[in-house]
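[1] could you look at this predicted model? Sequence included:
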Amino acid sequence: MKQITEMKKIGRGDRYKLFLDGEYFGTYEAEILARYCLKSGQCFEEEFFDRLQVENGDYACFNRGLTALEKSMKTKKMLRDYLKEKGYPKQCIDRACDKLAEYGYINDESFCENYIISYRHQKSRRKMKYDLLSKGVNEDIIDQKFDLMIDEEDESEKCLKFARKYLAGKAFDIKTKQKFYNHMAGKGYEFGQIASAWETITQNQEF
(Lines give C-alpha, C1' and ligand atoms only; values in the text may rest on other atoms or scores of the structure.)
Protein backbone atom coordinates (compact mmCIF):
# COMPACT_ATOMS: atom_id res chain seq x y z
CA MET A 1 0.00 0.00 0.00
CA LYS A 2 1.10 3.55 -0.71
CA GLN A 3 -0.33 6.72 0.79
CA ILE A 4 -0.90 10.05 -0.94
CA THR A 5 0.92 12.45 1.36
CA GLU A 6 0.67 15.63 -0.71
CA MET A 7 -0.90 17.03 -3.90
CA LYS A 8 0.79 20.33 -4.70
CA LYS A 9 -0.68 22.54 -7.42
CA ILE A 10 1.76 23.90 -10.01
CA GLY A 11 1.28 27.62 -10.66
CA ARG A 12 -2.11 28.64 -12.03
CA GLY A 13 -2.50 25.67 -14.33
CA ASP A 14 -4.33 22.38 -13.95
CA ARG A 15 -1.40 20.20 -12.96
CA TYR A 16 -0.29 18.86 -9.59
CA LYS A 17 2.82 17.32 -8.12
CA LEU A 18 1.86 14.04 -6.48
CA PHE A 19 3.76 12.72 -3.47
CA LEU A 20 3.47 9.14 -2.19
CA ASP A 21 4.81 8.27 1.25
CA GLY A 22 6.59 11.62 1.27
CA GLU A 23 8.35 11.09 -2.06
CA TYR A 24 7.69 12.83 -5.37
CA PHE A 25 5.83 10.45 -7.70
CA GLY A 26 5.21 12.65 -10.74
CA THR A 27 3.22 15.50 -12.25
CA TYR A 28 -0.46 14.77 -12.84
CA GLU A 29 -3.32 16.44 -14.65
CA ALA A 30 -6.13 17.76 -12.44
CA GLU A 31 -8.68 15.94 -14.64
CA ILE A 32 -7.08 12.57 -13.86
CA LEU A 33 -6.86 13.23 -10.11
CA ALA A 34 -10.47 14.46 -10.02
CA ARG A 35 -11.63 11.38 -11.93
CA TYR A 36 -10.78 9.26 -8.87
CA CYS A 37 -11.52 11.97 -6.27
CA LEU A 38 -7.97 11.68 -4.98
CA LYS A 39 -6.81 13.62 -1.94
CA SER A 40 -4.07 13.56 0.65
CA GLY A 41 -4.25 10.75 3.19
CA GLN A 42 -5.75 8.13 0.86
CA CYS A 43 -4.03 4.76 0.49
CA PHE A 44 -4.04 2.45 -2.54
CA GLU A 45 -2.25 -0.61 -3.80
CA GLU A 46 0.78 0.00 -6.00
CA GLU A 47 -1.09 -1.41 -9.00
CA PHE A 48 -3.55 1.49 -8.77
CA PHE A 49 -0.77 4.06 -9.07
CA ASP A 50 0.75 2.14 -11.97
CA ARG A 51 -2.57 2.40 -13.83
CA LEU A 52 -2.90 6.05 -12.81
CA GLN A 53 0.51 6.77 -14.30
CA VAL A 54 -0.44 5.23 -17.65
CA GLU A 55 -3.80 6.98 -17.73
CA ASN A 56 -2.23 10.32 -16.90
CA GLY A 57 0.39 9.85 -19.60
CA ASP A 58 -2.26 9.07 -22.20
CA TYR A 59 -4.36 12.05 -21.18
CA ALA A 60 -1.45 14.51 -21.13
CA CYS A 61 -0.01 13.23 -24.41
CA PHE A 62 -3.38 13.41 -26.19
CA ASN A 63 -4.03 16.96 -25.04
CA ARG A 64 -0.50 18.10 -25.92
CA GLY A 65 -0.98 16.66 -29.38
CA LEU A 66 -4.40 18.25 -29.78
CA THR A 67 -3.04 21.66 -28.79
CA ALA A 68 -0.22 21.31 -31.33
CA LEU A 69 -2.68 20.39 -34.09
CA GLU A 70 -4.90 23.35 -33.27
CA LYS A 71 -1.93 25.64 -33.99
CA SER A 72 -0.96 24.02 -37.30
CA MET A 73 -1.70 20.95 -39.41
CA LYS A 74 0.69 18.04 -39.01
CA THR A 75 1.17 14.61 -40.49
CA LYS A 76 1.16 11.62 -38.17
CA LYS A 77 4.95 11.46 -38.38
CA MET A 78 5.33 15.15 -37.58
CA LEU A 79 3.08 14.81 -34.53
CA ARG A 80 4.89 11.67 -33.35
CA ASP A 81 8.23 13.45 -33.64
CA TYR A 82 6.87 16.45 -31.75
CA LEU A 83 5.49 14.36 -28.87
CA LYS A 84 8.65 12.27 -28.70
CA GLU A 85 10.67 15.48 -28.41
CA LYS A 86 8.45 16.51 -25.49
CA GLY A 87 9.42 13.31 -23.68
CA TYR A 88 6.25 11.23 -23.85
CA PRO A 89 6.60 7.41 -23.86
CA LYS A 90 6.15 5.59 -27.16
CA GLN A 91 3.05 3.73 -25.94
CA CYS A 92 1.35 7.01 -25.02
CA ILE A 93 2.30 8.54 -28.37
CA ASP A 94 0.93 5.52 -30.25
CA ARG A 95 -2.40 5.68 -28.47
CA ALA A 96 -2.67 9.48 -28.74
CA CYS A 97 -1.93 9.50 -32.48
CA ASP A 98 -4.34 6.66 -33.17
CA LYS A 99 -7.07 8.45 -31.25
CA LEU A 100 -6.42 11.81 -32.94
CA ALA A 101 -6.44 10.13 -36.35
CA GLU A 102 -9.72 8.39 -35.48
CA TYR A 103 -11.25 11.76 -34.55
CA GLY A 104 -10.04 13.25 -37.83
CA TYR A 105 -7.45 15.63 -36.39
CA ILE A 106 -4.66 13.87 -38.32
CA ASN A 107 -5.17 13.23 -42.02
CA ASP A 108 -2.10 12.89 -44.22
CA GLU A 109 -4.16 13.19 -47.42
CA SER A 110 -5.63 16.53 -46.32
CA PHE A 111 -2.20 17.70 -45.23
CA CYS A 112 -0.80 16.79 -48.66
CA GLU A 113 -3.56 18.66 -50.48
CA ASN A 114 -3.12 21.79 -48.38
CA TYR A 115 0.64 21.69 -48.79
CA ILE A 116 0.35 21.50 -52.59
CA ILE A 117 -2.18 24.37 -52.64
CA SER A 118 0.15 26.49 -50.49
CA TYR A 119 3.38 25.82 -52.38
CA ARG A 120 2.43 24.85 -55.94
CA HIS A 121 3.41 28.31 -57.21
CA GLN A 122 6.59 28.52 -55.12
CA LYS A 123 8.18 25.08 -55.38
CA SER A 124 8.74 22.51 -58.10
CA ARG A 125 6.87 19.23 -58.06
CA ARG A 126 10.05 17.35 -57.17
CA LYS A 127 10.88 19.73 -54.29
CA MET A 128 7.35 19.44 -52.91
CA LYS A 129 7.54 15.66 -53.13
CA TYR A 130 10.84 15.63 -51.24
CA ASP A 131 9.36 17.86 -48.53
CA LEU A 132 6.20 15.78 -48.20
CA LEU A 133 8.13 12.51 -47.99
CA SER A 134 10.31 13.97 -45.24
CA LYS A 135 7.13 14.90 -43.35
CA GLY A 136 5.94 11.30 -43.51
CA VAL A 137 3.34 11.41 -46.28
CA ASN A 138 3.09 8.14 -48.21
CA GLU A 139 4.52 8.32 -51.73
CA ASP A 140 1.36 6.86 -53.28
CA ILE A 141 -0.71 9.63 -51.69
CA ILE A 142 1.69 12.29 -52.98
CA ASP A 143 1.69 10.96 -56.54
CA GLN A 144 -2.09 10.64 -56.56
CA LYS A 145 -2.56 14.24 -55.40
CA PHE A 146 -0.01 15.54 -57.89
CA ASP A 147 -1.79 13.78 -60.75
CA LEU A 148 -5.05 15.42 -59.71
CA MET A 149 -3.72 18.88 -58.87
CA ILE A 150 -0.66 19.55 -61.06
CA ASP A 151 -0.02 19.01 -64.75
CA GLU A 152 3.25 19.14 -66.71
CA GLU A 153 2.27 22.35 -68.49
CA ASP A 154 1.90 24.18 -65.19
CA GLU A 155 5.25 22.80 -64.05
CA SER A 156 7.01 24.00 -67.22
CA GLU A 157 5.46 27.45 -66.91
CA LYS A 158 6.57 27.67 -63.31
CA CYS A 159 10.10 26.63 -64.27
CA LEU A 160 10.18 29.32 -66.97
CA LYS A 161 8.98 31.94 -64.49
CA PHE A 162 11.77 31.14 -62.01
CA ALA A 163 14.27 31.02 -64.87
CA ARG A 164 13.33 34.51 -66.05
CA LYS A 165 13.67 35.83 -62.54
CA TYR A 166 17.11 34.27 -62.05
CA LEU A 167 18.49 35.33 -65.44
CA ALA A 168 17.23 38.90 -65.33
CA GLY A 169 20.12 41.24 -66.11
CA LYS A 170 22.68 38.44 -66.57
CA ALA A 171 24.87 37.74 -69.57
CA PHE A 172 24.06 34.51 -71.40
CA ASP A 173 27.56 33.03 -71.22
CA ILE A 174 28.84 29.56 -70.22
CA LYS A 175 29.49 30.55 -66.60
CA THR A 176 25.96 31.90 -66.20
CA LYS A 177 24.52 28.81 -67.86
CA GLN A 178 26.32 26.50 -65.43
CA LYS A 179 25.17 28.49 -62.41
CA PHE A 180 21.66 28.64 -63.84
CA TYR A 181 21.46 24.87 -64.29
CA ASN A 182 22.75 24.27 -60.76
CA HIS A 183 20.33 26.82 -59.32
CA MET A 184 17.30 25.36 -61.05
CA ALA A 185 18.32 21.78 -60.23
CA GLY A 186 18.51 22.83 -56.58
CA LYS A 187 14.89 23.92 -56.84
CA GLY A 188 13.99 20.42 -57.99
CA TYR A 189 13.45 20.96 -61.71
CA GLU A 190 14.38 18.24 -64.17
CA PHE A 191 17.15 18.65 -66.74
CA GLY A 192 14.73 18.75 -69.67
CA GLN A 193 12.66 21.51 -68.08
CA ILE A 194 15.76 23.56 -67.27
CA ALA A 195 17.16 23.16 -70.77
CA SER A 196 13.85 24.17 -72.32
CA ALA A 197 13.62 27.29 -70.14
CA TRP A 198 17.21 28.28 -71.00
CA GLU A 199 16.59 27.82 -74.70
CA THR A 200 13.34 29.78 -74.64
CA ILE A 201 14.89 32.74 -72.85
CA THR A 202 18.22 32.90 -74.65
CA GLN A 203 16.76 32.41 -78.13
CA ASN A 204 14.24 35.15 -77.55
CA GLN A 205 16.86 37.35 -75.89
CA GLU A 206 14.32 38.42 -73.33
CA PHE A 207 16.80 40.41 -71.25
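    Thanks, I have it.

[2] which strands and helices sit next to the longest helix belonging to the chain?
    Across the chain, the longest stretch assigned as helix under DSSP state H is helix 46-71. If contacts are counted by 3 or more CB pairs under 8 Å, 6 or more residues apart in numbering; DSSP states H and E, helix 46-71 sits against strand 23-29, helix 30-35, helix 76-85, helix 90-102. Heads up, the C-betas are built off the backbone N, CA and C, glycines and all.

[3] for the longest one, which residues meet the burial criterion?
    Of the residues in helix 90-102, those buried by neighbour count under the rule 16 or more other CB atoms under 10 Å are 92-93, 95-97, 99-100.

[4] tell me which helix or strand in this protein has the weakest average pLDDT.
    helix 152-167 (a mean of 83; mean pLDDT, DSSP states H and E).

[5] return the set of buried residues in that one.
    For helix 152-167, using 16+ other CB under 10 Å, the buried residues are 155-156, 158-160, 162-163, 166-167.

[6] swap in stretch 35-42?
    Buried, per 16+ other CB under 10 Å, within stretch 35-42: residue 38.

[7] okay, now the domains of this structure?
    By the assignment in automatic domain parsing, the chain contains the domains 1-44, 49-106, 108-149, 154-204.

[8] and those, which one is worst for confidence?
    Among these, domain 154-204 carries the lowest mean pLDDT, a mean of 87.

[9] quick one on the thing from earlier: contact partners of the helix or strand following the least confident helix or strand of the chain?
    Going down the chain from helix 152-167, the next helix or strand is helix 174-186, by DSSP states H and E. Helix 174-186 is contacted by residues 159, 162-163, 166-167, 170, 191, 193-194, 197-198 when judged by CB atoms under 8 Å, 6 or more residues apart in numbering.

[10] could you give the angle of helix 174-186 to helix 152-167?
    Counting by axes from the mean of the first three to the mean of the last three CA atoms, to 10 degrees, helix 174-186 lies at 140 degrees to helix 152-167.

[11] alright, I will stop here.
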